[in-house]
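> output the structure for:
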Amino acid sequence: MTFSGIKQRKHRWLAYAPSRTDNVLYGIGWGLIALGAAALFLHRFRPGLAAKLRWPFPCAFYRVLHIPCLGCGATRALRAFLQGDLMTSFSYHPAVPAACLSALLFMISQTAGRLSRGKIRMLTFNDGMIYALLFIILLQWIVKLIIGWTP
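Next up is the predicted model:
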């Protein structure tokens with residue numbers, strides 16, 4: 001397709017082969033899975049050490065400006081998501097469960113596509129995913145500002 005003489009690229013959501021970006025994100029995904037497994041191991045077998053590693057700092061953005069930042073509630077949302085409480089996670093920060101679920105779908109489809117050696121189409125990274133998450137982040141921030149939400 002062309003528009004005003006400029007060739008436009010078609011957005012592909014599914015492909016038989018991963019792109020370079022997909023390869024990088026797939027590697028990052030496995031790294032995060034390894035970190036999560038290590039955190040679960042610490043929490044299960046060394047609870048005293050895990051308690052010392054908690055984030056002790058309040059939000060500096062809120063402390064200075066007295067309004068919630070774009071990420072306020074994300075840590076609590078991630079904790080609720082990991083505990084399986086999707087509704088609470090969504091109420092704290094709706095972008096967190098959306099990002100976690102899309103990352104999970106990405107990793108599952110990429111793994112299936114790679115194990116099938118290109119016989120199964122896999123979900124590929126697309127700019128639309130980022131735009132959707134940015135929209136969710138901005139919308140939840142505006143709602144929090146309107147209702148007067150405090151961390």
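
> please make it C-alpha for all contacts and neighbour counts, starting now.
Fine.

> nearest the geometric middle of this structure, what residue?
Closest to where the C-alpha atoms of the chain average out (Cα atoms, centre = their mean) is residue 99, at 3.1 Å.

> so the closest residue to that one other than its chain neighbours is in which element?
Spatial nearest neighbour of residue 99, excluding adjacent residues (Cα to Cα, 6 or more residues apart in numbering): residue 133 at 7.1 Å. Per DSSP states H and E, residue 133 falls inside helix 127-147.

> in stretch 119-133, what's buried?
120-125, 133 (16 or more other Cα atoms under 10 Å).

> also stretch 74-91?
Buried, per 16+ other Cα under 10 Å, within stretch 74-91: 74, 76-78, 80-81, 86, 88-91.

> most widely separated two among those?
Greatest spacing in the buried residues of stretch 74-91, by Cα to Cα: 74 and 86 (12.9 Å).

> which strand or helix spans the residue nearest to residue 80 when sequence neighbours are not counted?
Nearest non-adjacent residue to residue 80, counting by Cα to Cα, 6+ apart: residue 89, 5.0 Å away. Residue 89 belongs to helix 86-92 when assigned by DSSP H and E.

> what's next to that helix, contact-wise?
Helix 86-92 has contacts (Cα atoms under 8 Å, 6 or more residues apart in numbering) with 73-74, 76-81, 96-97.

> where are the low-confidence patches of the protein?
Residues of the chain meeting the criterion pLDDT under 70: 1-11, 50-57, 151.

> need the longest helix for it.
helix 20-45 (DSSP state H).

> list the buried residues of that helix.
So helix 20-45, judged by 16+ other Cα under 10 Å, has buried residues 22, 25-26, 29, 42.

> other SSEs contacting that helix?
Packing partners of helix 20-45 (3 or more Cα pairs under 8 Å, 6 or more residues apart in numbering; DSSP states H and E): helix 47-52, helix 95-115.

> adding distance to residue 58, write the ones you listed out as CSV.
Output for the helices and strands packed on helix 20-45, formatted as CSV (distance: least, Cα to Cα, whole Å):
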stretch, distance to residue 58
helix 47-52, 16
helix 95-115, 19
